[in-house]
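1. Could you look at this predicted model? Sequence included:
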Amino acid sequence: MNVHVYAGKGENVPVARTNGVELAYETLGDPAAPALLLVMGLGAHLTDWPLEFTEQLAAYGFHVIRFDNRDAGLSTALDDSGVPDIPALMGGDRSSAPYLIADLAADAAGLLDTLGVQRAHVVGASLGGMIAQQLTIDYPDRVASLCSIMSTTGDLSVGRPRPEAAAVIGRPPSASREEVIAGSVAGSRVIGSPGFPATEEYLTARAAAKYDRAYRPLGTLRQYAAVLASPDRTQALRRVTAPALVIHGEDDPLIDVSGGRATAAAIPGSTLLTIPGMGHDLPRELWPRITAAIARNAA
């Protein structure tokens with residue numbers, strides 16, 4: 001199976017300067033078509049939205065935009081902010097978080113400004129779903145429709161990870177490229193879709209190319225601090241009026257399906273799609289179903 005994975009170091013991608021950071025981004029499709037903004041998750045790169053997945057969305061008539069969040073990929077690394085105190089954050093002390101999910105949402109709004117996009121259909125996965133939710137809350141006039149995938153509301157009583165999945169997130173940084181790749185493959189096995197398992201070859205190639213593009217474990221830690229320090233969005237989501245779709249794997253070990261159900265319950269008139277066998281990833285076998293559901297919601 002031929003799978004486009006990642007571009008390597010030195011790739012020539014445009015950069016948007018906004019909100020005090022630079023965001024690397026790519027676009028696909030007709031610039032005159034309705035914009036569809038893809039927001040990825042914790043430590044993820046824009047390339048974690050597979051190229052073929054974005055091509056399927058573009059085929060529905062969207063101008064697809066994907067980007068690296070701050071502290072990930074080729075976007076600005078806020079290394080001067082230091083290392084957040086995760087145990088303190090878990091205990092309620094938010095002082096070491098250098099930014100919040102609201103700041104990541106403001107980055108996304110600034111990217112739309114740079115591209116001259118007044119309104120976009122917004123699709124977010126995992127942390128990207130949280131950012132997409134916050135973008136819809138804070139900038140309602142900018143969001144034509146919302147799709148939140150494998151995400152949650154910020155209510156700590158829902159969407160809780162299984163212990164083995166939490167251990168993947170809590171794994172300390174590895175010392176070598178080989179260790180990083182092996183750890184990534186092992187982690188993908190833990191949180192991935194049991195009903196649609198990826199091949200070892202694909203997971204290894206993806207992890208290797210992602211490492212070579214940019215490896216920023218401390219940036220991932222700062223993004224995680226933003227999740228821990230940000231407030232519950234449940235009440236604010238009740239004010240959302242944009243057409244909303246919530247997609248969640250019924251076998252997601254990292255963000256339990258209860259997080260998706262809570263998101264859908266909070267947003268008036270939203271549609272909930274839960275998928276048996278899907279974990280915390282985007283299996284190739286489900287791309288046609290997911291992209292079709294996104295297009296229906298946007299319509």
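-> Great, that's in hand. Residues are numbered from 1 along each chain as shown.
2. How many residues are close by Tyr202?
-> Counted by other Cβ atoms under 10 Å, the residues lying close to Tyr202 total 16. For glycine as for every other residue, the C-beta is placed from the backbone atoms N, C-alpha and C.
3. For Ala58, which non-adjacent residue is closest in space?
-> Across the structure, with Cβ to Cβ, 6 or more residues apart in numbering as the measure, the residue nearest Ala58 apart from its sequence neighbours is Gly29 (3.6 Å).
4. The one you found contacts Ile65, doesn't it?
-> No: under the criterion of Cβ atoms under 8 Å, Gly29 makes no contact with Ile65, lying 9.1 Å away.
5. So the two - more neighbours on which side?
-> Of the pair Gly29 and Ile65, Ile65 is the one with more neighbours under other Cβ under 10 Å, namely 26 against 20.
6. Specify the local secondary structure of the more buried one.
-> Here Ile65 is recorded as strand under DSSP: H, G, I helix; E, B strand; the rest coil.
7. Leu36 now?
-> Assignment for Leu36 (three-state DSSP): strand.
8. Spit out the contact partners of it.
-> With contact set as Cβ atoms under 8 Å, 6 or more residues apart in numbering, Leu36 has these partners: 57, 62-65, 120-123, 294, 298.
9. could you measure it against Tyr60, distance?
-> Distance, Leu36 to Tyr60, using Cβ to Cβ, to the nearest Å: 9 Å.
10. Can you check which residues contact both of these two?
-> Joint contacts of Leu36 and Tyr60 (Cβ under 8 Å, 6+ apart) are 294, 298.
11. For Gly8, report the pLDDT, please.
-> We note a pLDDT of 41 for Gly8 in this prediction.
12. Dihedrals phi and psi, Asn69?
-> Main-chain torsions, Asn69, degrees, to the nearest 10: phi -60, psi 160.
13. Tell me the spacing between it and Gly260.
-> Applying Cβ to Cβ, the value for Asn69 to Gly260 is 21 Å.
14. quick one, strands of this protein?
-> For the chain, the strands defined by DSSP state E cover 15-18, 21-28, 35-39, 63-67, 120-125, 143-149, 244-249, 271-275.
15. which parts of the last one are buried?
-> Pointing back at strand 271-275 there. Judged by neighbour count (16 or more other Cβ atoms under 10 Å), strand 271-275 contains these buried residues: 272-275.
16. which two of these lie the greatest distance from each other?
-> Farthest pair in the buried residues of strand 271-275 (Cβ to Cβ) is Leu272 and Ile275. Separation: 10.7 Å.
17. and for those two, which residues touch both?
-> Shared contacts of Leu272 and Ile275, counting by Cβ under 8 Å, 6+ apart, come down to His248.
18. shaky segments in the chain?
-> Scanning the chain with the threshold set as pLDDT under 70 gives 1-11.
19. Can you report how many residues lie near the closest residue in space to Arg119 that isn't next to it in sequence?
-> Once flanking residues are discounted, Arg119 sits nearest to Ala144: 4.7 Å by Cβ to Cβ, 6+ apart. For Ala144, the number of neighbouring residues by other Cβ under 10 Å comes to 18.
20. what about Ala144, distance to Tyr25?
-> Following Cβ to Cβ, the distance that separates Ala144 from Tyr25 is 19 Å.
21. Check Asp107 too.
-> 11 Å.
22. Neighbour count for the two, which is higher?
-> Ranked by neighbour count (other Cβ under 10 Å), Asp107 and Tyr25 place Asp107 first, with 25 against 22.
23. and the residue nearest to that one when sequence neighbours are not counted, what is it in contact with?
-> With sequence-adjacent residues excluded and distances taken as Cβ to Cβ, 6+ apart, Asp107 is closest to Asn19, at 5.0 Å. Contact criterion Cβ under 8 Å, 6+ apart gives 103, 106-107, 110 as the residues in contact with Asn19.
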